[in-house]
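Engineer: Build me a structure from this.
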Amino acid sequence: QVQLVESGGGLAQAGDSLRLSCAASGHTFSSYAMGWFRQAPEKEREFVAAISWSGGYSTYYADSVKGRFTISRDNAKNMVYLQMNSLKPEDTAVYYCAAETSGLGSKRSYEYAYWGQGTQVTVSS
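Structural biologist: Below you'll find the predicted structure:
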């Protein structure tokens, strides 16, 4: 069992940076892949980024954030981060941290067993 708590969201202007954090509880955290998803009003939840447990921490990004967002993890602290640079108004959404038990990482939300409650990010133009 893993519990996830996101933080770091807030208001930003276009071009600004924010760093989201996800604190995980549970001794198996280091063996899980971790992902970030987001959901804008009246839109479906979409994949943002993922980082595997194995294979040298492979990372995966949605095309819309590639080159602007960076996912990282610190297993010693049970933390996952999403550094968001060059924010755009279309990045406005609730951002969710999720844990995937295979450890490989995935862009598919249904493969993630554990979810946080989300943190709001609002980017103004």
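Engineer: Going along the chain, name the strands of this structure.
Structural biologist: Assigned strands in the chain, in chain order: 3-7, 10-13, 18-25, 33-39, 46-51, 59-61, 69-74, 79-84, 93-100, 114-115, 119-124 (criterion: DSSP state E).
Engineer: Tell me which of those sits nearest to residue 108.
Structural biologist: strand 46-51 (7.5 Å; C-beta to C-beta). Bear in mind the C-beta positions are built from the backbone N, C-alpha and C, glycine included.
Engineer: on contacts alone, who are the packing partners of the closest one?
Structural biologist: If you count contacts as 3 or more C-beta pairs under 8 Å, 6 or more residues apart in numbering; DSSP states H and E, strand 46-51 packs onto strand 33-39, strand 59-61, strand 69-74, strand 79-84.
Engineer: Quick check: mean pLDDT of the last one?
Structural biologist: Mean pLDDT, strand 79-84: 97.
Engineer: which helices and strands does it pack with?
Structural biologist: When contacts are defined as 3+ C-beta pairs under 8 Å, 6+ apart, strand 79-84 packs onto strand 18-25, strand 33-39, strand 46-51, strand 69-74.
Engineer: Sheet partners, orientation included, of that strand?
Structural biologist: In the sheet containing strand 79-84, its partner strands are strand 18-25 (antiparallel), strand 69-74 (antiparallel), by DSSP bridges.
Engineer: Mind telling me which residue is nearest the centre of the protein?
Structural biologist: residue 36 (2.2 Å; C-alpha atoms, centre = their mean).
Engineer: confidence score at the residue located most distally from the centre of the chain?
Structural biologist: When distances are taken from the C-alpha mean of the chain, residue 125 lies farthest, 22.7 Å away, according to C-alpha atoms, centre = their mean. At residue 125, the pLDDT value in this model is 94.
Engineer: one step back: single out the most deeply packed of the strands of the chain.
Structural biologist: Across these, the average number of neighbours (mean count of other C-beta atoms under 10 Å) peaks for strand 33-39, which reaches a mean of 25.
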